[in-house]
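Participant: I'd like to go over a predicted model; first the sequence, then the structure.
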Amino acid sequence: MKRRPPPPPRPERARAAQRVFVTVDRLVGNHEIRRDPYSTALPGVDGVIHAPFGSHPFASPGHYIHDYAHIREYLAASNRLLRESYGGAVSAYFDKWVRNPVSHWEYLQAIGIERLHSLEEGLHYDEAHGPPKEAL
C-alpha cells in the first residue's frame with residue numbers, strides 16, 4: 001500500500017515560537033527516512049522527543065486506538081462540573097492524570113502496561129464494527 005503524502009507544512013505555526021519540538025510515538029532509522037522522506041520530514045522543527053503513547057487517551061493512527069474508558073472518565077468529570085457546578089471531579093481527574101505524574105513514564109505506569117497493550121491490540125479489530133465491547 002502506497003502512503004499518501006503528508007499535509008503541507010504549516011510554517012506560520014512554527015514561526016510563532018522561538019523553538020519547535022515534536023513528540024513521536026516511534027523513532028525511525030535512516031533506512032526508513034531514505035525510503036520515504038516525505039512521510040518523515042519535519043520542516044521548521046528543532047528537536048524530536050520520543051514519547052510512546054504520547055497521544056493517549058486519543059488514538060495514534062497505525063499505533064493504537066482511543067482509550068474510550070479514559071475519555072469517558074474525563075467526560076464524566078467535565079459533565080459533573082457543567083451540570084452541578086462541582087469542580088472537584090475535574091480537579092481530581094487532573095490531580096490523578098496531569099499534576100501527579102511527574103514524567104511521561106510515570107503517566108504510562110499509572111495507565112498500566114496491560115491497558116496500553118490492549119489499545120495496540122485494538123488495531124486488529126475491524127473498524128467498521130467499532131471498538132471491542134470491553135472498550136465501551
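Facilitator: Sure thing, it's come through. Residues are numbered from 1 along each chain as shown.
Participant: I'd like to know which helix or strand in this protein has the lowest mean pLDDT.
Facilitator: helix 11-15 (a mean of 71; mean pLDDT, DSSP states H and E).
Participant: what about the residue sitting nearest the centre point of the chain, distance to residue 82?
Facilitator: Compute the mean C-alpha point of the chain, and by C-alpha atoms, centre = their mean the closest residue is residue 55, 0.6 Å away. Distance, residue 55 to residue 82, using C-beta to C-beta, to the nearest Å: 25 Å. Where you see a C-beta, it was placed from the backbone N, CA and C, and this is true even at glycine.
Participant: so how far is the biggest helix by length in the chain from its chain's centroid?
Facilitator: When the chain is scanned for its longest helix (criterion: DSSP state H), the result is helix 68-84. Centroid separation for helix 68-84 versus its chain: 19 Å, with C-alpha atoms, centre = their mean, to the nearest Å.
Participant: continuing past it, what's the next helix or strand?
Facilitator: Note on helix 68-84: by DSSP states H and E, the next helix or strand toward the C-terminus is helix 88-94.
Participant: any idea how far that next one is from the chain center?
Facilitator: 21 Å.
Participant: quick one: buried residues of it?
Facilitator: 89, 90, 93 (16 or more other C-beta atoms under 10 Å).
Participant: List the contacts of the nearest residue to the first one once chain neighbours are set aside.
Facilitator: Among residues not flanking residue 89 along the chain, residue 77 sits closest, at 3.9 Å (C-beta to C-beta, 6 or more residues apart in numbering). Residue 77 is in contact with 89, 90, 92, 93, counting by C-beta atoms under 8 Å, 6 or more residues apart in numbering.
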